[in-house]
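*Asks:* need a structure here:
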Amino acid sequence: MNGLPTVGLLPLYVRLYDDVWPERRPGVEAFRDQVADGLARRGLRLVTAPVAREKPDFEAAVDRFEAEDVDIILTLHLAYSPSLEAADALCRTELPLLAVDTTPDADFGRDVNPNRIMYNHGIHGVQDLTSVLRRRGRKYEIVAGHVTESDVLDRAADIARAAHAVRRFRSTHAVRIGPPFDGMGDFDVPADVLKDRFGITVTQVEPAGLTDPIRAVTDDEVAAEMARDCERFSVDCEEQVHRRAVRVGLGLRRLLESEKVDAVSANFLAFDGREPVEAVPFLEISKAMERGIGYAGEGDVLTASLVGVLLSVYPTTTFTEIFCPDWRGGSLFLSHMGEINPAVAAGRPRLCSRPFPFTSADDPAILAAGMRPGPAALVNLAPGPDNTFRLIVAGVDVLPDTTRPDMQGTVRGWARPRRPLAEFLETYSRSGGTHHSALVMGEHTEAIAAFARFLEIECRVI
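*Replies:* As a prediction, the model looks like this:
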């Protein structure tokens, strides 16, 4: 699969206008090119069909999009286009569909030049087509707004990324290190269900499976990685702890790369300190998220797979948990034992040791950091009855980091939901939300909801 989301851009027109006003064609093609350039600048790879007017044009365009393996078809009405010319082709393909409802002119008030009508009336072509698609049961997304004086192309690009993410999700290879945390049931989904429902393949590995990869790590590799850590992080732990963490972490990295892993989950209780797997590889897990590998704790490969696919399109994504409520402040304290994507950190992460009283494993090194302030989405994939699933998406605002010195050794963040805290928590739990989630920095709630629809699961936006 191509690394960039790939869009099949389908420009719609009507042959009547070419027959009667052929001189208008360069103007509408210039608008098509403007939209295509705007989408390309937003990180999409475009496959642009010739302007389609009649049924054979649309059939040929869809055939090309399928042959070139696009992630989604974006329709662009350059003017009115009769819906029945396009509907059959668009209904026979299983490719996701997004209608982009936009025009070249932002101002169409009472003093408008009547010559501009022909360049700006694609809106009723959009309405004709979407109405017919709905009658036929064809699912589609739609975004509307002026091409430059709105965020319509940003939204279109984000939904294209969601379609790309669905395809990646359906080919996820997840590794679980150790068994799931005993008694932790909310994310407990059998591997065969994940395979049948989403195409996720799960491989089980015990910590001892890291032995050979760790022993293959050289002293020079360890020294080079430690030097890179010193450049990127504020290193505040004993050299022995740092060295041990790097060696174990590079062993994990070798395993993940050799097995072409997209997501990993580790149960910290499975690590007993037996040489050479002397500590839980929290440091490397954080680095792995930064490289685009999904993660969730305690053997939760479901959420790890979700984090991985979100990372593939939103690099500033991290695994997290809602740990504590701040009732007075109306916010959620987000944290976990020692895992955070450095890409979401508010400042320079601190590399430090963490006491580990749970097993006989040695104290691990972790990256301690606060999450950068700004808008974000809390995303949760919740199993439901009869092997159904629901995606829960909540827009939140991440607040500035703590100033307390005694919090500097923790993974931390405070996020304020856009509903009263008690109401949010009640709605979240009524929706069946689990205690493991992803946090996606930025305003992406709309596209993540589209991801759920493309995946054909229920979405609950809080």
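*Asks:* so which bits of stretch 101-114 are buried?
*Replies:* Across stretch 101-114, burial judged by 16 or more other C-beta atoms under 10 Å covers 101-104. Where C-beta positions appear, they are placed from N, C-alpha and C, glycine not excepted.
*Asks:* contacting residues for residue 393?
*Replies:* When contacts are counted by C-beta atoms under 8 Å, 6 or more residues apart in numbering, residue 393 touches 377-380, 445, 448-449, 452, 459-462.
*Asks:* now with 6 Å, please.
*Replies:* For residue 393, the contact set (C-beta atoms under 6 Å, 6 or more residues apart in numbering) comprises 377, 379, 445, 448-449, 461.
*Asks:* mind checking which of these are buried?
*Replies:* Among those, those classed as buried by 16+ other C-beta under 10 Å are 377, 379, 445, 448-449.
*Asks:* which members of the buried residues of stretch 101-114 are positioned in strands?
*Replies:* Among the buried residues of stretch 101-114, the members falling in strands are residue 101 (criterion: DSSP state E).
*Asks:* residue 156: which of the buried residues of stretch 101-114 is nearest?
*Replies:* Of all the buried residues of stretch 101-114, residue 102 has the smallest distance to residue 156: 8.7 Å, by C-beta to C-beta.
*Asks:* state the distance from that closest one to residue 147.
*Replies:* Between residue 102 and residue 147 the distance, using C-beta to C-beta, to the nearest Å, works out to 5 Å.
*Asks:* now residue 85, what's its secondary structure?
*Replies:* Look at residue 85: counting by DSSP: H, G, I helix; E, B strand; the rest coil, its state is helix.
*Asks:* what is the burial count for it?
*Replies:* Counted with other C-beta atoms under 10 Å, the neighbours of residue 85 add up to 20.
*Asks:* what do you get for residue 234?
*Replies:* There are 16 residues near residue 234, going by other C-beta under 10 Å.
*Asks:* then the one 10 residues further on?
*Replies:* The tally of other residues near residue 244 (other C-beta under 10 Å) stands at 21.
*Asks:* and it, helix, strand or coil?
*Replies:* helix.
*Asks:* following element in sequence after the lowest-mean-pLDDT helix or strand in the chain, please.
*Replies:* Across the helices and strands of the chain, mean pLDDT, DSSP states H and E gives its lowest value to helix 117-120, namely a mean of 87. Once helix 117-120 ends, the next helix or strand along the chain (criterion: DSSP states H and E) is helix 123-135.
*Asks:* still on that earlier bit, between the buried ones among the contacts of residue 393, which is closest to residue 267?
*Replies:* residue 379 (22.4 Å).
*Asks:* where does that closest one fall, secondary structure wise?
*Replies:* Residue 379 is part of strand 374-383 when elements are defined by DSSP H and E.
*Asks:* fine by me, thanks again.
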